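Undergrad: any chance you could fold what I've pasted below:
(one chain, ligands or ions: 2)
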Amino acid sequence: MSAPRVQTVKLPYAPRRAFLPFHRRTQRWACLVAHRRAGKTVAAVNDLIRAAITAQRPHAHYAYVAPYRSQAKSVAWDYLKRFAAPATAGVNEAELLLTTRNGSKIQLFGADNADAMRGLGFDGVYLDEYGDFRPSVWGNVIRPTLSDKQGWAVIGGTPKGRNQFYEAFDAAQRSPDWFCLRLPASASGILPPTELHALRAQLTQDQYDQEYECSFEAAILGAFYGVEMREASDAGRIGRVPHDPDRPVFTAWDIGYRDDTAIWFYQVAGGEVHLIDYHASSGSTVADLAEVVAGKPFRYARHHLPHDARAKTLASGGRSVVEQLAALLGGIGKFQIVADLGVQDGIQAARLVLPR
Ligand SMILES: Nc1ncnc2c1ncn2[C@@H]1O[C@H](COP(=O)(O)OP(=O)(O)OP(=O)(O)O)[C@@H](O)[C@H]1O
Ligand SMILES: [Mg+2]
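TA: Ligands and ions are numbered 1, 2, ... in the order given. Sure thing, here's the model as predicted:
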């Protein structure tokens, strides 16, 4: 047998110090949460290039996936061609596919067109801006592409609220099978303090916290309770809250006609409000919902319903939602229709309750 041919290739990439632990990881799975402009995409592309040119297996195949294919092309394609240039054998512009001199392939995809990945098996994938992915793409398409070659995956991006990216990050932090790196701008040392200062002056606190401090709690623009939820999180008030069987349970309902019906279950202990359970479903009948509530091991004091629960509907023989529920859940005395505050006052009321 002839000895393997060894080639030396020098890539035009000097990793930023903050990303060295990422490049040195040994776990199969990794989560990389970093602030805007930290260099995530450059680090990811170079991580893929190194994997491709050092692959032991012939015809190894690696994928970079952005939320949209057009985005993959505009943000990563130039980086890929530039950084891989010394090791490139060929480039296919139509397929966004680069072949390295040792015969590995690196290809760009979009989660918007995830089915293009079906039928392929990857040695490694990087999912960029994972907070913008449709949550089903990982389980339906991407994870199965890694099975036959036992490929690795990196989930990366900047936070976008408590979505599937947060769930991956949360799991990664607690699992030895995952490498996890979170790089807020205050710690990464990448952007100069003058720029951070200027950003603080121009962005809202929530925007700054999300985009530069990697906060999953900061409100995405349009979310209402970001500040209150961040304070709750910082104070350790979000976690498993046990049911106290010695105290009664209250419920608060939002009845959805076209969207979800939501039910919160809570107990009041001293000055605190303990939110112990939650149910949401769409398309449920009043009887279904009553069954959910009755099926919990709780002793109820009162159910709070919104004002529209009083409206009588033809479909239910002229009976209102509150009348139907009262018949199923122990009498009208247990029900209270809450005042209709209007949207703004309602949001304000929730803001006043969240600190408790
Ligand atoms: N190792 C590096 N050496 C030199 N420049 C770098 C390096 N990494 C990133 N950069 C530069 O920093 C800038 C941001 O890089 P990149 O696009 O990878 O950041 P990002 O974290 O993906 O940003 P965004 O949040 O916008 O997606 C680019 O101008 C890039 O060329
Ligand atoms: Mg990027």
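Undergrad: quick one, what contacts the closest residue to ligand 1 within the stretch 251-356 of the chain?
TA: Taking C-beta to the nearest ligand atom as the measure, the stretch 251-356 of the chain has residue 354 as its residue closest to ligand 1, at 29.9 Å. Placement of C-beta: from N, CA and C, glycine included. Taking C-beta atoms under 8 Å, 6 or more residues apart in numbering, we find residue 354 in contact with 225, 228-229, 231-232.
Undergrad: if we use 7 Å, what do you get?
TA: Residue 354 sits next to 225, 228, 232 when contact means C-beta atoms under 7 Å, 6 or more residues apart in numbering.
Undergrad: out of these, which are inside helices?
TA: Secondary structure from DSSP state H places 228, 232 of these in helices.
Undergrad: element containing the one residue in the chain that gets nearest to ligand 2, please.
TA: Going by C-beta to the ion, ligand 2 is nearest to residue 41 of the chain, at 3.3 Å. When elements are assigned from DSSP states H and E, residue 41 belongs to helix 40-53.
Undergrad: ok, that helix near ligand 1 or not?
TA: Yes: counting by C-beta under 6 Å from any ligand atom, contacts between helix 40-53 and ligand 1 involve 40-42.
Undergrad: what are the phi and psi angles of residue 125?
TA: As for residue 125, its main-chain torsions (degrees, to the nearest 10) stand at phi -140, psi 150.
Undergrad: unless I'm mixing things up, it is touching residue 156, no?
TA: No: Residue 125 is beyond contact range of residue 156, at 10.7 Å (criterion: C-beta atoms under 7 Å).
Undergrad: what backbone torsions are found at residue 182?
TA: The phi and psi torsions at residue 182 (degrees, to the nearest 10) take the values phi -120, psi 120.
Undergrad: try residue 262
TA: Listed backbone geometry of residue 262 is phi -120, psi 140, with angles given as degrees, to the nearest 10.
Undergrad: likewise for residue 104?
TA: phi -80, psi 160.
Undergrad: what is the neighbour count of it?
TA: Per other C-beta atoms under 10 Å, the neighbour tally for residue 104 reads 24.
Undergrad: again, but for the one 3 residues further on
TA: Using other C-beta under 10 Å, the number of residues around residue 107 comes to 23.
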